[in-house]
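# output the structure for:
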Amino acid sequence: CAHMEILSNGRLTVPETRIFYSHESLLKWMFNTYTDCIHMHRSENVSPYSPAIRAATAFIEQNYSSDALNTEVIARHASLSVSRLNVLFKQETNRTVNEYVTELRMEHAVWFLQNTTMKIYEIAEKCGYRSSQYFSTVFCSHTGKRPIDYRKN
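Numbering: from 1, shown residues only. You can find the predicted model right below:
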């Protein structure tokens, strides 16, 4: 418990003396303290990005499946100009907005291929691509395999 206090820089305080009258009360206290630590850790490490880029990435993650998702829409949501979004995004994530969107879409595509029996054109639509041919081209350039071959392996 003292170690948890040190790791939290004093933000989590643990009483020095604690008397437990049953194993259940000890376990309940331990669970609640552990839960508090997890919540504190998550709230501090949600994202290393600025509020504007956090807003942009959250918007992308919620809307990756929309074929209307583009930098103009993302910038508007993040209350930035397109050029400012592009500059900040590259500085903070080391990727362009389009690279980020494509990587996220490909992660989801891989998941759909591995975990569903959806047809390729359905996966393309779910991942924000109007054309299954274009989706296959992007997927192949990202993974080195066509979606159908990826699924077979």
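# for residue 77, see how far away the residue positioned nearest the centre of the chain is.
With distances taken as C-alpha atoms, centre = their mean, the residue of the chain nearest its centroid is residue 61 (6.7 Å). Residue 61 is 12 Å from residue 77, where distance means C-beta to C-beta, to the nearest Å. Heads up, the C-betas are built off the backbone N, CA and C, glycines and all.
# next: residue 99.
Residue 99 is 18 Å from residue 77, by C-beta to C-beta.
# what does stretch 119-127 contact?
Under the contact criterion C-beta atoms under 8 Å, 6 or more residues apart in numbering, stretch 119-127 has outside partners 64-65, 67, 105-106, 108-109, 112-113, 116, 118, 130-132, 134-136, 147-148.
# 10 Å instead?
The set of residues external to stretch 119-127 that reach it, using C-beta atoms under 10 Å, 6 or more residues apart in numbering, is 64-65, 67, 102, 104-113, 116, 118, 129-136, 138-139, 146-148, 151.
# who does the strand or helix carrying residue 58 touch, helix- and strand-wise?
Following DSSP states H and E, one finds residue 58 within helix 51-63. Secondary-structure packing of helix 51-63 (3 or more C-beta pairs under 10 Å, 6 or more residues apart in numbering; DSSP states H and E): helix 71-77, helix 82-93, helix 97-115.
# for residue 21, find the nearest of those helices.
Between residue 21 and the helices and strands packed on helix 51-63, the shortest gap by C-beta to C-beta is with helix 97-115, which sits at 47.5 Å.
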